[in-house]
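> For reference, the sequence and a predicted model appear below.
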Amino acid sequence: MILSALCLLSIQAFSQSKNNISVVYGFASNTIDIHGAIGDYGYANKSGIMYGLSYTRDLAKSFSIETGLIYANHQAEVHYIVGGLGEQKRSGEIHLISVPLYARYTFLKYLFLQGGFSLDHQTNYTRESVANDQSGLGLEFGVGGKINLGQFSVFANPYFCNHNFSGTNNLMETGVKFGAGFNF
């Protein structure tokens, strides 16, 4: 009898929770944090785009978790000085597939704070790449706004992300994500 009651309570709790699936698009300005380098290095700020799907599940009235699958294409350019050859530059792209796991706190009905980790995999890394492999654990923080329109929702989310933050020459981006989703 107790087991039946617990099952009914968990079914009722599941049916009351809100879920959201959104299509996400965003753009960013990025930089590569070059540390531990010997010599004169620099980086030209470039841009990137991202798109994918996100899934958000409310755990409480103001608290939810978010995950998804995001693809990003970042343009990158590094400048450095080679003795006797002068300034050299190396340009390239960084393609990332990310699986985020973020916590989201909603306040003032429409605004939210979001932050957490992402598991990133660089799909085009070679030894000649413009930066070290960006595969690894990323860290992201952001603030945004979301409006629910019945079963549909739209959001905008300015953010800062540091990919492979435990590595060297890591990609850092500041951007804005936009999305449209379905609540169920």
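Cool, the structure landed.
> just the strands in this structure please.
Secondary structure of the chain (DSSP state E): strands at 19-33, 41-43, 46-58, 63-82, 86-107, 111-122, 136-149, 152-162, 170-183.
> among these, where is the model least confident on average?
Comparing mean pLDDT across those, the lowest value falls on strand 41-43: a mean of 67.
> returning to that earlier point: between the strands of the chain, which gets nearest to S129?
strand 86-107 (5.9 Å; Cβ to Cβ). C-beta coordinates here come from the backbone N, C-alpha and C atoms, glycine included.
> can you give me the angle that closest one makes with strand 46-58?
Note on geometry: by axes from the mean of the first three to the mean of the last three Cα atoms, to 10 degrees, strand 86-107 and strand 46-58 are set 20 degrees apart in direction.
> looking just at contacts, which helices and strands does strand 86-107 meet?
Packed against strand 86-107 by the contact rule (3 or more Cβ pairs under 8 Å, 6 or more residues apart in numbering; DSSP states H and E) you find strand 46-58, strand 63-82, strand 111-122, strand 136-149.
> Can I get those strands in a markdown table including distance to L171?
Formatted as a markdown table, the helices and strands packed on strand 86-107 follow (distance: least, Cβ to Cβ, whole Å):
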| stretch | distance to L171 |
| --- | --- |
| strand 46-58 | 9 |
| strand 63-82 | 6 |
| strand 111-122 | 9 |
| strand 136-149 | 9 |
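> Including mean neighbour count and distance to R104, could those strands go into a markdown table?
Listed next are the helices and strands packed on strand 86-107 as a markdown table, based on neighbours: other Cβ atoms under 10 Å; distance: least, Cβ to Cβ, whole Å:
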| stretch | mean neighbour count | distance to R104 |
| --- | --- | --- |
| strand 46-58 | 18 | 7 |
| strand 63-82 | 17 | 5 |
| strand 111-122 | 18 | 5 |
| strand 136-149 | 17 | 9 |
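> Show me the one of those strands that comes nearest N19.
strand 46-58 (5.3 Å).
> now for the closest one, which elements pack on it?
Counting by 3+ Cβ pairs under 8 Å, 6+ apart, strand 46-58 packs on strand 19-33, strand 63-82, strand 86-107, strand 170-183.
> ok, for S153, nearest residue in space, not its chain neighbours?
G181 (4.8 Å; Cβ to Cβ, 6 or more residues apart in numbering).
> What's the local residue count around that neighbour?
22 (other Cβ atoms under 10 Å).
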